[in-house]
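**Student:** After the sequence you'll find the predicted model.
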Amino acid sequence: MRKVIFLMPHDGIVPSGGYKVVYEYANRLAKDGFLVSIVYPNIKKGCLKSFKERVKDVARYVVRYLNKGYQSKWFRLDKRINLKWVWSLDNYAPEAGSYVFATAIETAFSLNKYSADISKFYFIQDYENWFFSDQQVIESYRFFMKKIVIAKWLQELVSSCGEYAILIPNGFDFKSFSCIKPICERDKYNIICMYHVDKRKGMDVAFRAFNRVYEKFPQIKVTFFSVYDCPTGLPQYGEFVKQPDVSLLNSLYNKSAIYVGSSNMEGWGLTVGEAMQCGCAVACTDNKGYLEMARHGETALTSPVGDAEALADNIVNFIENDKLRIRIASAGESFIQSFDINKSYESFKDVIITSK
């Protein structure tokens, strides 16, 4: 029986798209009889810390070991999956013969040090240069591992480094998100947007765009959902929902006519796909991740990254032109059906099965 191990970069407390993708595959592998483990480290690679910080690390390790606080309560993992809390990935030793997946750049550096008696895989979900240099990212792409990428632009990037990567686009679970409320019956002034504290998500651009739209259409209502707390000074057109479960989020998407994505960069852009599943017309920036699904004038209206005025204009176009909004939303909902999680999983499993 094959043993599959996913190395995570940190605990699983805060929901994230990258973790969700890994969990979807882990659940299906467990269901198919694989022995699956997910390993969470207490400390990250190469962090120089003071004595006080090291004491905090020890305390956190002990507390979370005892109360299982490192686990992801926001996602229902198969009970057959073995969840491991370790001090550091550099000190972890996978059993010989295991199939071990790095799921982020820091985990790839750890996996690269492991013995050669395991099968090594690098699951690349973004260009992760926010804590590592560009040179280190490129270096990781050249590690002796079988590489899997979630998007064409990442495959091209890895190829430009002289390496080969298997493309397995992210899939969506259509049991979780679907178009329930007819697109033509939605209130065109209802907008939905994911709020995030990371500057790369471009929330400053989103708020500037919404403010411009609000000047023209003061009746707009923007629903922000997030894993984070509501920001101070939320504009009067906004309402905030923290950590909605899947059922509530599906409902929020379905009551909205327009989804707005403002990120500067995305590996994929999971919420754009979810919004399409639920029948929202998508107005988003043209970062490479979004463009895997957002085709301007066909499945979305796109605007240059950082251009709040252009993003606002696209939102206004949706509000003023019902036929355009309904056509784009319908096309997006139809197009996204090709990204099925079960199809992606079969490709992912096949990589394991055919590896020596």
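**Tutor:** Great, that's in hand.
**Student:** Run through the strands of the stretch 101-250 of the chain in chain order.
**Tutor:** Secondary structure of the stretch 101-250 of the chain (DSSP state E, counting those that start in this stretch): strands located at 119-124, 146-149, 165-167, 190-194, 221-226, 238-242.
**Student:** For residue 118, which residues are in contact?
**Tutor:** Contact analysis of residue 118 by CB atoms under 8 Å, 6 or more residues apart in numbering lists 94-100. To be clear about C-beta, it is placed using only N, CA and C from the backbone, and glycine gets the same treatment.
**Student:** try 7 Å this time
**Tutor:** Applying CB atoms under 7 Å, 6 or more residues apart in numbering, we find residue 118 in contact with 94, 96-98, 100.
**Student:** between these, which is nearest residue 34?
**Tutor:** Distance ranking of the contacts of residue 118 against residue 34, using CB to CB, places residue 98 first at 10.7 Å.
**Student:** which residues touch the closest residue to the closest one other than its chain neighbours?
**Tutor:** Counting by CB to CB, 6 or more residues apart in numbering, the nearest residue to residue 98 once its immediate chain neighbours are dropped is residue 3, at 4.4 Å. Listed by CB under 7 Å, 6+ apart, the contact partners of residue 3 are 35, 95, 97-99.
**Student:** Tell me the gap between stretch 143-161 and the middle of its chain.
**Tutor:** Relative to the chain's own centre, stretch 143-161 is displaced by 17 Å; criterion: CA atoms, centre = their mean, to the nearest Å.
**Student:** Report how many residues lie close to residue 147.
**Tutor:** Here the number of neighbours of residue 147 (other CB atoms under 10 Å) works out to 23.
**Student:** And the pLDDT at residue 130?
**Tutor:** At residue 130, the model reports a pLDDT of 88.
**Student:** any idea how far it lies from residue 143?
**Tutor:** Residue 130 sits 19 Å away from residue 143, going by CB to CB, to the nearest Å.
**Student:** which regions of the stretch 201-350 of the chain sit below the pLDDT cut-off?
**Tutor:** Under the criterion pLDDT under 70, no range of the stretch 201-350 of the chain is flagged.
**Student:** before we move on, the earlier item: bridge partners for the residue nearest to residue 98, pull those for me.
**Tutor:** On the basis of DSSP bridges, residue 3 is bridged to residue 35.
**Student:** Would you check how far apart it and residue 39 are?
**Tutor:** Distance from residue 3 to residue 39, by CB to CB: 12 Å.
**Student:** same thing with residue 69?
**Tutor:** Counting by CB to CB - residue 69 and residue 39 are separated by 16 Å.
**Student:** Residue 243 too?
**Tutor:** For residue 243 relative to residue 39 (CB to CB), the value is 25 Å.
**Student:** do the same with residue 83
**Tutor:** 8 Å.
**Student:** that older thread, top of the contacts of residue 118 by number of neighbours, please.
**Tutor:** Of all the contacts of residue 118, the most densely surrounded is residue 100 (23 neighbours; neighbours counted as other CB under 10 Å).
**Student:** That one sits in which helix or strand?
**Tutor:** Following DSSP states H and E, one finds residue 100 within strand 99-102.
**Student:** hmm, who's touching that strand?
**Tutor:** In contact with strand 99-102 (CB under 7 Å, 6+ apart) are residues 2-7, 94, 108, 111, 114, 118-123, 145, 352, 355.
**Student:** Try it again at 8 Å.
**Tutor:** Against strand 99-102 from outside (CB under 8 Å, 6+ apart): 2-7, 22, 94, 108, 110-111, 114, 118-123, 145, 352, 355.
**Student:** Only the buried subset of those, as a PyMOL command please.
**Tutor:** In PyMOL syntax, the buried subset of the contacts of strand 99-102 is picked out as below (16 or more other CB atoms under 10 Å):
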select buried, resi 2+3+4+5+6+7+22+94+108+110+111+114+118+119+120+121+122+123+145+352
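**Student:** what about residue 69 and residue 39, which has more around it?
**Tutor:** Looking at residue 69 and residue 39 with other CB under 10 Å, you find the greater number of neighbours at residue 39, namely 20 against 14.
**Student:** What number of neighbouring residues does residue 26 come out with?
**Tutor:** Residue 26 sits with 24 neighbouring residues when counted by other CB under 10 Å.
**Student:** Same check on residue 68?
**Tutor:** The tally of other residues near residue 68 (other CB under 10 Å) stands at 10.
**Student:** From residue 30, how far out is it?
**Tutor:** Plainly put, residue 68 is 18 Å away from residue 30 if you go by CB to CB.
**Student:** can you check residue 62 too?
**Tutor:** For residue 62, the distance to residue 30 (CB to CB) stands at 28 Å.
**Student:** And those two? Which one has more around it.
**Tutor:** Neighbours were counted for residue 62 and for residue 30 using other CB under 10 Å; residue 30 has more, 19 against 11.
**Student:** how about that one, what does it touch?
**Tutor:** By CB under 8 Å, 6+ apart, the contact list for residue 30 reads 36, 78, 80-81.
**Student:** Which of the residues you listed ranks first by neighbour count?
**Tutor:** In terms of neighbour count, residue 36 stands highest of the contacts of residue 30 at 25 neighbours, by other CB under 10 Å.
**Student:** Much appreciated, bye for now.
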